[in-house]
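Asker: With the sequence up front, the predicted model follows.
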Amino acid sequence: MGIVTAGLIGLAMLLVGKHIVGAFISGPPEDAAASLKIAYHYLSVMATFLPILYILHIYRSSLQGLGNTVMPMVSGAVELVMRVGTVFLLPRLVGSEGLFWAEVLAWVGADVVLLLSYYIQISKIKNAWRKEGSGRTSLRDEA
């Protein structure tokens, strides 16, 4: 459901984002047009990859709900390192376009940490349940 919501919001931003961004830009027409072009391009990058951010929030919240607060915090540190690293590295390789990708790459870095942590945690929980229930053959044995 979160991915669908992200897709719909991203699509809405791609369709009407230029008008929304334009409402916040003023100045001489040529400056406003140049600013709008850059701002909408950045918004387009963010809107396109919004599902990655939603995955981040879903898995971070899931881990916190499972009682794991360390890995969500680590993922935040990974986000910071990815953002700073991207800002220093990508513009040298691809120009100012690299700045637009810092946020997306930070989300991807955090997603990797969170997805791995989540599935490791779920695996541990499943194994613990299997060990607890290894003496039973069915739920009827409980009664």
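Answerer: Arrived safely. Numbers count the residues shown, from 1 in each chain.
Asker: Can you pull the domain assignment for the protein?
Answerer: 1-48, 51-132 (automatic domain parsing).
Asker: so where is the chain shaky, pLDDT-wise?
Answerer: Residue ranges of the chain with pLDDT under 70: 134-143.
Asker: Which element, helix or strand, includes the residue positioned nearest the centre of it?
Answerer: Central residue of the chain (Cα atoms, centre = their mean): L53, 2.1 Å from the mean position. Following DSSP states H and E, the helix or strand that holds L53 is helix 50-65.
Asker: Which residues does that helix contact?
Answerer: 2-3, 5-7, 9-10, 13, 69, 71-72, 75, 104, 107-108, 110-111, 114-115, 117-118, 121 (Cβ atoms under 8 Å, 6 or more residues apart in numbering). C-betas here are computed from N, CA, C, even on glycine.
Asker: which among those residues end up buried?
Answerer: 6, 10, 13, 71-72, 75, 104, 107-108, 110-111, 114, 117-118, 121 (16 or more other Cβ atoms under 10 Å).
Asker: quick check, nearest of the residues you listed to T48?
Answerer: Set against T48, the nearest of these by Cβ to Cβ is G10 (6.2 Å).
Asker: Could you say which helix or strand holds that closest one?
Answerer: With DSSP H and E as the test, G10 turns up in helix 2-22.
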